[in-house]
Structures are given as structure tokens and as C-alpha cells.
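K.L.:
3D, please:
(2 chains)
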Amino acid sequence: MVKTMIKKISLIIILAIFLIIFIILQNDLLLNQSDLSRLYFLQNTLNETSSENIVTGIYLDYRLFDSIFEASTLLIAVSGIIFITRNYEYTTDTFFIFDKHKASNILTHLSSILFPFLLVFGLYIITHGHLTPGGGFQGGAILATAVLTTYYINPGRAINTKYLVLIEKILFIALILISSISLITRNTFFTNFIPIDKNNSHRTLFLITLNLFIGLKVSFGLINIFTSFLREESKL
Amino acid sequence: MEILGSFLQILLIIIVISIVLMKNNIKVIILLSSFSLITASLYFFNKAPDVALAEVAIGSAIMPLLYILAISKQREFIVLCYTNKECLQEEIIDLLTKFSDFYKLKLKYIHKTNHNDNNDIINNGNIDLILKKNEKDNYFFICRESSTLMNKLQQLTMDLPNVNVVKVENGEDYD
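P.N.:
As a prediction, this is how the structure comes out:
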């Protein structure tokens, strides 16, 4: 009893210290705010990156190098999960999880109605990433959820993870190649490969292709994670 | 708008505390997804719709699915018996096989005879059920309160008078 009391009291003290630090830091941040970067991005993003959504302009043009590594983290995570989960034998017993006892009829029918709309919504978010909020990652996650709902519709489905990983790797390599074309055309790494004096609507082609590649890569990765979790055999 | 934001933040704190205190796994997953839904709306109100979209897709759709999958992957149902193999009545074995067939679990018996070193074995190991028998042929099913499967077991044992289901809270010893 005494031990647990000491634990609880020390936890509360630590949390209180964190709260005080947070409040002090918030006041400091309000004092030292500067508008320089905000004003710069507001003025120049449309001209320099041809993207109306400033967030997309930053992560697909100014900071493209960072987003490539961000894409690679997901690939590494997927390959790690596939390495750890033992799915050598392709067992397709997803019936166990999406059981008739557990999944009701309402859920299965609703998901079969929702499936095409989810696909269209995900593709819309991916392809309009430079105009509206969203982009490759968000749209890819929505596409992945759309594909995952098909497990409710037809539990006996089998997805071969081997080819999915292969496609994801090819997409990642294509991402790097597309983003380094600019070395030839504009003599700098990791920016838009279409020269800056071209029409804005032509230059968005680069953003759309990159968003599409990132979206497909993310959705394949998430489907991979899910299916390898599903097939994981517990051998005790 | 500010009132709504502070209301959502207070709701977040309440949800987090209830996640920590909750013992039922499925309810925890529902609370986690509602947590990420509320954080997504907070992101939206603070003018970050891109982050809100990512939070909605990952936090409230894919993550709960993965958690539910991980919970339903539990296939083995391990029963620890403090009796000899011969002493078990047939109807008890029938009951347990019926129960495990319903959830498509693999039933596994572990037989033990000494009563001494077993106080909190249900909390430490991955044993799901302890079966005890006293002198008057009364059976005791001792199980965790947090396990959701036990409601079904309780339902099955309703019409058997000599079977008692005892639910033990997590972290509590049973003598």
C-alpha cells in the first residue's frame, strides 16, 4: 500500500512539474514570436512552387529532401513488421477475426456501400493535394482504410503481401528518381524539375505526380502492415 | 469558438483519465479512437486541416483496427486445473469445449495438484481460467474481470448449480 501511494504521489509531482514547465514555455513563445517565415511563405510559395496549398508547397518543394526520408521510415517499418511476423504459410483464415458472431449485418452492408465512395474520396484528396488540405499521406491512409473495409465485405479474401512490398519498393525508388530529375533540368537537387519560368498550371504536374506516388506508397504500406498482422500465426 | 476549444480540451483530459482507469480492452480502443477524433477536431479549429485529416485517417480508423486485430488474435484458452485429470466431470469438459468452439479457441489444460505457490498466477502468466474443486463437488471458475469472453462463460454456466464463476480484478490476489 505504502509503495503504491509513493508511486502515485511522485507521478502527480512529476506531472505538475511538466505542467509548470509547459506554462512557462508558452509565455516565452508568445514573447519571442516572429512573423518572418510566415510572411515569406505567404508571399512566395505560389510563385516558387506553384502550389496554392502552402503546406504542400513546403513538403514537396522546399523540404522535399525531408519528406523522402519520411516516406522511407514507413517502408522500413513495413519491412520490419513483415520480417517479425511469421507469415510464411499463406493462411487465409480471416474468418476467425471477422466472425459472423462479431460483425453484424449492418456493418458488412454499410461497408460495401461506403467502399467506392471511400476510394473516390482518397483519390480526390491525393490528386487535389496542391489545392485543398490533404496530400499524399492523408489520401493514402484513406485509400488503405477503403481497402481494409473489404475484409468486412468478404472475409475470405487473400492479398499476397510479397508483391505489395515489391510495388512499394519500386514506388519509393521512383519517388527518389523523379525528385532528382531537377539535377538535369534546373541544376539543383530535390525541387520541381519543370523550370521556374514556365506556366504555373504546367508546373503543378510535378506536385500531382509526387502526391500520387506518395499516396500509393503509403496505402500499400498500410495494407501490408494490416495483412501481415492478420496472417500472423501464434505458435506457442 | 474559444469556448468550444476549451470544452474539447477538457473532454480530452476526461477521456485520457478514463483510458488509464479502464480495464476492458475493447472499451479502451473505442475511447482511443474517440480521443483521436477530438484531437482532429481541435487541429481543425486551430487552422491545421492537413494534420486533422491525417489524424482522422490514422488515429480513428487504422489504429483501432490494428488493436482489435491484436486482441482477437488471442487463440489459446489456457485452463489451469487444481484437480487430477480423472476427477474432472464430463459435463465440465463439455462446457469448456463448447465455450472454446464458440470463439474458435484452442483449449489447453494444465494440471497441478499443490495449492501453495499459486496466489497471483492468473495475473502473471497468460492463464485465462483457473478451475478449482472443493470437497462437495462444487467447481469454481476463477477468471479476470477484464476479459470479455467471460460473460459468455457465465451465460453458459447459468443452468449448472454446482459451478460458480468468480471474477478477480487485475492486480488483486485470490486465495
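K.L.:
right, and A:Val165 touches A:Ser79 too?
P.N.:
Yes. If you go by Cβ atoms under 8 Å, A:Val165 and A:Ser79 touch, sitting 7.0 Å apart. Where you see a C-beta, it was placed from the backbone N, CA and C, and this is true even at glycine.
K.L.:
of these two, who's got more company?
P.N.:
A side-by-side neighbour count of A:Val165 and A:Ser79, using other Cβ atoms under 10 Å in any protein chain shown, places A:Val165 first with 18 against 15.
K.L.:
Residues contacting the helix or strand hosting that one, please?
P.N.:
For A:Val165, the host element (DSSP states H and E) is helix A:161-179. When contacts are defined by Cβ atoms under 8 Å, 6 or more residues apart in numbering or on different chains, helix A:161-179 is touched by residues A:64, A:68, A:71-72, A:75, A:78-79, A:82, A:87, A:189-190, A:193, A:206, A:209-210, A:213-214, A:216-217, A:220-221, A:223-224, A:227-228, A:231.
K.L.:
Quick check: next helix or strand after that helix?
P.N.:
Taking DSSP H and E, what comes next after helix A:161-179 is helix A:182-185.
K.L.:
can you pull out the helices in chain A?
P.N.:
A:2-31, A:36-49, A:54-57, A:64-84, A:105-127, A:136-153, A:161-179, A:182-185, A:200-230 (DSSP state H).
K.L.:
Check which helices and strands the last one is in contact with.
P.N.:
What it means is helix A:200-230. helix A:36-49, helix A:64-84, helix A:105-127, helix A:136-153, helix A:161-179, helix B:63-72 (3 or more Cβ pairs under 8 Å, 6 or more residues apart in numbering or on different chains; DSSP states H and E).
K.L.:
let's go with 10 Å and repeat that
P.N.:
Applying 3 or more Cβ pairs under 10 Å, 6 or more residues apart in numbering or on different chains; DSSP states H and E, we find helix A:200-230 packed against helix A:36-49, helix A:54-57, helix A:64-84, helix A:105-127, helix A:136-153, helix A:161-179, helix B:63-72.
K.L.:
Please apply the same query to the fourth one.
P.N.:
Helix A:64-84 sits against helix A:136-153, helix A:161-179, helix A:200-230, with contacts defined as 3+ Cβ pairs under 10 Å, 6+ apart.
K.L.:
Point out the most buried one among those.
P.N.:
Mean neighbours per residue, mean count of other Cβ atoms under 10 Å in any protein chain shown, is largest over the helices and strands packed on helix A:64-84 for helix A:136-153, with a mean of 23.
K.L.:
mind exporting that helix as PDB, just the C-alpha atoms?
P.N.:
Taking C-alpha atoms only, helix A:136-153 is exported to PDB below (Å, rounded to 0.1, in the frame of the first residue of the first chain):
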ATOM      1  CA  GLY A 136      -0.200  12.000 -50.400                       C
ATOM      2  CA  PHE A 137      -0.100  10.700 -46.900                       C
ATOM      3  CA  GLN A 138      -3.600  11.600 -45.800                       C
ATOM      4  CA  GLY A 139      -5.200  10.300 -49.000                       C
ATOM      5  CA  GLY A 140      -3.100   7.200 -48.900                       C
ATOM      6  CA  ALA A 141      -4.300   6.400 -45.400                       C
ATOM      7  CA  ILE A 142      -7.900   6.900 -46.500                       C
ATOM      8  CA  LEU A 143      -7.300   4.600 -49.500                       C
ATOM      9  CA  ALA A 144      -5.800   2.000 -47.200                       C
ATOM     10  CA  THR A 145      -8.900   2.100 -44.900                       C
ATOM     11  CA  ALA A 146     -11.100   1.700 -48.000                       C
ATOM     12  CA  VAL A 147      -9.200  -1.400 -49.000                       C
ATOM     13  CA  LEU A 148      -9.300  -2.700 -45.400                       C
ATOM     14  CA  THR A 149     -13.100  -2.500 -45.300                       C
ATOM     15  CA  THR A 150     -13.200  -5.200 -48.000                       C
ATOM     16  CA  TYR A 151     -12.200  -7.600 -45.200                       C
ATOM     17  CA  TYR A 152     -15.700  -7.000 -43.700                       C
ATOM     18  CA  ILE A 153     -17.400  -7.500 -47.100                       C
END
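K.L.:
Quick check: mean pLDDT of it?
P.N.:
The average pLDDT within helix A:136-153 is 87.
K.L.:
what residue lies at the spatial centre of chain A?
P.N.:
Nearest to the geometric centre of chain A sits A:Phe137, at 3.2 Å (Cα atoms, centre = their mean).
K.L.:
how far does stretch B:155-173 sit from the chain's center?
P.N.:
15 Å (Cα atoms, centre = their mean, to the nearest Å).
K.L.:
In it, which residues are buried?
P.N.:
B:Leu156, B:Thr157, B:Val163, B:Val165, B:Val168 (16 or more other Cβ atoms under 10 Å in any protein chain shown).
K.L.:
Fine by me, we can end here.
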